[in-house]
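Novice: turn this into a model:
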Amino acid sequence: MAVRHALRSLDGVVDAEVSYDDKRADVQYHPDLVELAAMLEAIDGAGFSASAIENNGDEP
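Specialist: Prediction:
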């Protein structure tokens, strides 16, 4: 819940679904409003580490 809340609190993040079991967060966002670095910093601030895997909506 902490990661999802941290991501959803950022301007430009439309939705964030987090699976702690899969160690994955799927984030829908407006790239003109929020940068990847800000999302990674928010995750770090919630006590977790992250790296980006971009799929541009090609995968479910």
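
Novice: please list all residues in contact with Ala2.
Specialist: Residues in contact with Ala2 (Cβ atoms under 8 Å, 6 or more residues apart in numbering) are 46-48. Placement of C-beta: from N, CA and C, glycine included.

Novice: actually, Ala50.
Specialist: Under the criterion of Cβ under 8 Å, 6+ apart, the contact list for Ala50 reads 25, 39-40, 43-44.

Novice: narrow those to those that are buried.
Specialist: 25, 39, 43 (16 or more other Cβ atoms under 10 Å).

Novice: mind checking how far the last one is from Asp21?
Specialist: Spelled out, it's Ile43. Distance, Ile43 to Asp21, using Cβ to Cβ, to the nearest Å: 16 Å.

Novice: with adjacent residues omitted, what lies nearest to the residue nearest the centre of the chain?
Specialist: Closest to where the C-alpha atoms of the chain average out (Cα atoms, centre = their mean) is Val27, at 4.6 Å. Leaving aside its sequence neighbours, Val27 sits nearest to Ala16 (Cβ to Cβ, 6 or more residues apart in numbering; 4.7 Å).

Novice: just checking, that neighbour touches Val34?
Specialist: No: using Cβ atoms under 8 Å, Ala16 is not in contact with Val34; the gap is 11.1 Å.

Novice: the lengthiest helix in the chain - what's its average pLDDT?
Specialist: For the chain, the longest helix by residue count, based on DSSP state H, is helix 36-45. Helix 36-45 carries an average pLDDT of 96.

Novice: what helices and strands are in contact with that helix?
Specialist: When contacts are defined as 3 or more Cβ pairs under 8 Å, 6 or more residues apart in numbering; DSSP states H and E, helix 36-45 packs onto helix 2-8, strand 24-29.

Novice: okay, buried residues for the longest one please.
Specialist: Spelled out, that is helix 2-8. Using 16+ other Cβ under 10 Å as the test for burial, helix 2-8 gives 3-4, 6-7.

Novice: from these, which two are the most distant?
Specialist: The largest separation in these, counting by Cβ to Cβ, is between Arg4 and Ala6 at 7.3 Å.

Novice: if we can go back for a sec, what residues does the residue nearest to the centre of the chain make contact with?
Specialist: Applying Cβ under 8 Å, 6+ apart, the residues near Val27 are 7, 13, 15-16, 39.

Novice: perfect, I'm done here.
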